[in-house]
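Asks: predicted structure and sequence below. I'll ask about it afterward.
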Amino acid sequence: MIHWLQTSTAGLLTLAAVSIAVLLFLIIKVKVEPFIALIVVGLLTALAAGVPVGTLVGTAQKTSDSLLEKGFGSILGHIAAIIGLGTLLGSILEKSGGARVLTAALLRTFGEKRAPLAMGLSGLIFGIPVFFDIGIFVLAPLVYAAAKQGGRSIVLYAMPLLAGLSITHAFIPPHPGPVAAAGLLHVDLGWLILMGAVCGIPAWFIGGILYSTWIGKRVNVPLAEDFAKLAGEEGEQEGPAPSLKLVAGIIAVPLVLILVGTFGSILLPKGSTGAGIAAFLGTPAIALTIATLLASWLLGRRRGMSGADLAQLSANALRPVAMILLVVGAGSFFGAVLSATGIGKAVAGSLGDAGLPVLLAAYIISCGMRIAQGSATVAIVTTSGIVAPTVMELHYSQAQLALLVVAISAGSIIASHVNDGGFWIVSRYFGLTVTQTLKTWTALETVLSLSGFGVAALVMALV
């Protein structure tokens with residue numbers, strides 16, 4: 001039995017299925033923190049597959065070459081600075097009032113009749129540097145103001161905003177999910193930004209504009225009196241607002257530099273000075289450092305923030321990042337175990353025999369992880385770890401790998417329901433009942449997921 005489990009394709013597939021089932025059981029039923037569950041299941045899977053203890057955890061004298069430390073270190077060295085810097089950049093933009101400047105400008109440009117489109121664009125643009133929940137906290141009063149002025153259902157204004165925030169959170173670096181997937185699957189972030197935009201913008205339009213307009217006319221939720229009072233306070237902030245050009249420019253800096261680095265290495269002569277400069281400035285950690293320093297000075301120090309204020313802001317913003325990094329590291333270790341045990345090759349062979357495209361398989365796995373345990377980031381990290389050993393055998397191009405990450409990310413946002421913290425944030429902040437939240441938010445996430453995957457599959461057939 002043990003020999004069959006460790007050496008045969010059927011045994012390895014069985015081991016993979018059992019390990020994932022145990023992982024979900026620990027997270028859902030036992031309520032174990034995801035990063036602890038990933039470590040425990042990774043260790044048990046490795047031992048069951050016959051990985052020597054010395055290979056798995058090293059020795060008392062040396063652990064640096066162990067599967068445990070390499071699994072953690074290989075990904076954290078790549079993403080820790082990116083996620084940390086991206087979080088700091090978003091917190092400074094949020095604190096300075098940049099979100100309100102951006103949304104107010106869009107509302108003025110598009111007018112009252114197209115306010116839902118303005119809210120959607122606000123979520124799409126401001127969602128790039130800030131986490132999903134922070135985007136809701138900051139922009140919700142503007143939704144209240146738009147709904148109060150327009151006199152229509154709050155759903156009509158909230159859903160486009162949420163669609164923009166959700167798409168950027170799942171598809172676009174420097175958000176933790178796509179950055180982690182890029183590290184696990186060895187994808188250049190420039191390609192991921194490009195393919196994330198190519199697939200995410202159509203999905204946002206289908207879900208955030210077409211579907212949201214349709215459902216907003218059918219689910220009538222008047223603005224609650226308490227929210228109407230908050231709408232009158234949305235313009236209050238300390239000091240004068242930053243300019244729209246400044247806010248937009250700072251958001252664009254890291255994206256532009258990363259894209260320059262990616263495509264400069266392709267278009268410029270290898271070894272040239274220009275290629276070296278492009279590579280340096282386009283390194284994600286360098287690009288985000290530049291953007292964060294600019295934001296610290298232009299939106300912080302020049303606008304009256306002291307060094308102590310910025311330090312406190314940074315400390316508050318980085319607290320939630322620790323758990324994200326632990327989950328990503330543990331997910332990387334789990335993926336390394338699947339590779340070292342031969343489970344990855346077994347899965348690749350089975351998918352080939354069944355004729356199931358890896359893109360579709362990855363999407364289905366991600367959907368299952370999302371529906372089962374609720375967290376989009378955990379779904380992305382775990383799915384990427386599961387498929388990484390398989391993908392290594394396929395020799396995908398960078399564009400194809402980026403599309404695979406998009407497919408995984410699309411699966412990670414499907415069918416948000418009661419086990420997802422985002423579900424309750426949406427319900428609470430926009431005054432929706434559980435049934436209304438299921439009809440609007442849960443359905444919206446499913447439309448975004450299917451649309452994003454559909455575009456990724458179409459583009460994959462062309463590249």
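Replies: In hand now; what should we look at?
Asks: when you work out contacts or count neighbours from here on, use the C-alpha atoms and nothing else.
Replies: Noted.
Asks: helix or strand next in line after the helix or strand hosting residue 279, which one?
Replies: Per DSSP states H and E: residue 279 is located in helix 273-282. The helix or strand immediately downstream of helix 273-282 is helix 284-295, counting by DSSP H and E.
Asks: by contact count, what packs against that next one?
Replies: Helix 284-295 is packed against helix 67-95, helix 244-267, with contacts defined by 3 or more CA pairs under 8 Å, 6 or more residues apart in numbering; DSSP states H and E.
Asks: mean neighbour count for the ones you listed - can I get that in TSV?
Replies: As requested, the helices and strands packed on helix 284-295 are exported to TSV (neighbours: other CA atoms under 10 Å):
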stretch	mean neighbour count
helix 67-95	22
helix 244-267	19
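Asks: mind checking which of the ones you listed is nearest residue 412?
Replies: Ranking the helices and strands packed on helix 284-295 by distance to residue 412, with CA to CA as the measure, places helix 67-95 first at 18.5 Å.
Asks: so where's the stretch 301-450 of the chain uncertain?
Replies: Within the stretch 301-450 of the chain, the stretches with pLDDT under 70 are 348-349, 351-355.
Asks: what about the helices in it?
Replies: Secondary structure of the stretch 301-450 of the chain, counting by DSSP state H, counting those that start in this stretch: helices at 307-318, 321-340, 343-354, 358-373, 376-392, 398-411, 421-429, 434-437, 443-462.
Asks: the second one - contacts with which helices or strands?
Replies: Secondary structure elements in contact with helix 321-340, counted by 3+ CA pairs under 8 Å, 6+ apart, are helix 34-48, helix 67-95, helix 176-185, helix 376-392.
Asks: could the ones you listed go into JSON lines alongside distance to residue 13?
Replies: Formatted as JSON lines, the helices and strands packed on helix 321-340 follow (distance: least, CA to CA, whole Å):
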{"stretch": "helix 34-48", "distance to residue 13": "12"}
{"stretch": "helix 67-95", "distance to residue 13": "21"}
{"stretch": "helix 176-185", "distance to residue 13": "21"}
{"stretch": "helix 376-392", "distance to residue 13": "12"}
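Asks: for residue 162, which of those helices is the nearest?
Replies: When the helices and strands packed on helix 321-340 are compared (using CA to CA), the closest one is helix 376-392, at 14.7 Å.
Asks: what residues sit buried inside that closest one?
Replies: Of the residues in helix 376-392, 376-391 count as buried by neighbour count, 16 or more other CA atoms under 10 Å.
Asks: which residues touch it?
Replies: 34, 170, 176-178, 180-181, 184-185, 327-328, 331-332, 334-336, 338-339, 343-345, 347-348, 358, 362, 365-367, 369-370, 405, 408-409, 412-413 (CA atoms under 8 Å, 6 or more residues apart in numbering).
Asks: kindly report the same for stretch 437-444.
Replies: 155, 159, 163, 207-208, 211-212, 215, 219, 414-417, 423, 426-427.
Asks: give me the distance from that stretch to the chain's centre.
Replies: Distance of stretch 437-444 from the chain centroid (CA atoms, centre = their mean, to the nearest Å) equals 20 Å.
Asks: could you work out the end-to-end span of that stretch for me?
Replies: With CA to CA, to the nearest Å as the measure, stretch 437-444 spans 10 Å from end to end.
Asks: may I see the buried residues of it?
Replies: Buried positions in stretch 437-444, judged by neighbour count with 16+ other CA under 10 Å: 437-438, 440-444.
Asks: circling back: of the buried residues of helix 376-392, just say which sits nearest to residue 433.
Replies: Distances from residue 433 to these, taken by CA to CA, are shortest for residue 376, at 22.5 Å.
Asks: ok, that closest one to residue 204 distance?
Replies: In terms of CA to CA, residue 376 sits 17 Å off from residue 204.
Asks: for this protein, identify the residue most remote from the centre.
Replies: residue 1 (40.5 Å; CA atoms, centre = their mean).
Asks: any idea which of the helices of the stretch 301-450 of the chain is most buried?
Replies: Stretch with highest mean neighbour count among the helices of the stretch 301-450 of the chain: helix 398-411 (a mean of 29; mean count of other CA atoms under 10 Å).
Asks: contacting residues around that one?
Replies: With CA under 8 Å, 6+ apart as the test, helix 398-411 has contacts from 170-171, 177-178, 181-182, 185, 187-188, 191-192, 195-196, 199, 359-360, 362-367, 370, 376, 380, 383-384, 448-450, 452-453, 456-457, 459-460, 463.
Asks: ok, now stretch 97-112?
Replies: By CA under 8 Å, 6+ apart, the list of residues contacting stretch 97-112 from outside reads 93, 114-115, 117-119, 121-122, 126, 138-139, 142, 146, 149-150, 235, 237, 241-244, 247-248.
Asks: and the helices in the stretch 101-250 of the chain?
Replies: Using DSSP H, counting those that start in this stretch, helices in the stretch 101-250 of the chain cover 115-126, 132-150, 155-171, 176-185, 189-204, 212-216, 225-231, 244-267.
Asks: tabulate the buried residues of stretch 437-444 (CSV), appending distance to residue 105.
Replies: Formatted as CSV, the buried residues of stretch 437-444 follow (distance: CA to CA, whole Å):
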residue, distance to residue 105
437, 29
438, 31
440, 27
441, 26
442, 29
443, 29
444, 26
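Asks: residue 6: which of the residues you listed is nearest?
Replies: For the buried residues of stretch 437-444, the nearest to residue 6 is residue 442 (40.6 Å; CA to CA).
Asks: roughly how far does the closest one sit from residue 423?
Replies: 8 Å.
Asks: common neighbours of the two, please.
Replies: With CA under 8 Å, 6+ apart as the test, residue 442 and residue 423 both reach 416-417.
Asks: ok so, going back, so which of the contacts of stretch 437-444 is surrounded by the most neighbours?
Replies: Using other CA atoms under 10 Å as the neighbour criterion, residue 208 leads those with 35 neighbours.
Asks: chain neighbours aside, what residue packs nearest to that one?
Replies: Distances taken as CA to CA, 6 or more residues apart in numbering place residue 160 nearest to residue 208, at 4.3 Å, with adjacent residues excluded.
Asks: number of nearby residues for residue 10?
Replies: 16.
Asks: which SS state does it fall under?
Replies: Here residue 10 is recorded as helix under DSSP: H, G, I helix; E, B strand; the rest coil.
Asks: quick one, what contacts it?
Replies: Here residue 10 is in contact with residue 4 (criterion: CA under 8 Å, 6+ apart).
Asks: for residue 259, same thing?
Replies: Residue 259 neighbours (CA under 8 Å, 6+ apart): 190-191, 193-194, 282.
Asks: that one and residue 93: what is the separation?
Replies: 21 Å.
Asks: just put the helices of the stretch 101-250 of the chain in JSON lines and tack on mean pLDDT.
Replies: Shown next, in JSON lines, are the helices of the stretch 101-250 of the chain (pLDDT from 0 to 100):
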{"stretch": "helix 115-126", "mean pLDDT": "93"}
{"stretch": "helix 132-150", "mean pLDDT": "86"}
{"stretch": "helix 155-171", "mean pLDDT": "96"}
{"stretch": "helix 176-185", "mean pLDDT": "93"}
{"stretch": "helix 189-204", "mean pLDDT": "96"}
{"stretch": "helix 212-216", "mean pLDDT": "95"}
{"stretch": "helix 225-231", "mean pLDDT": "66"}
{"stretch": "helix 244-267", "mean pLDDT": "90"}
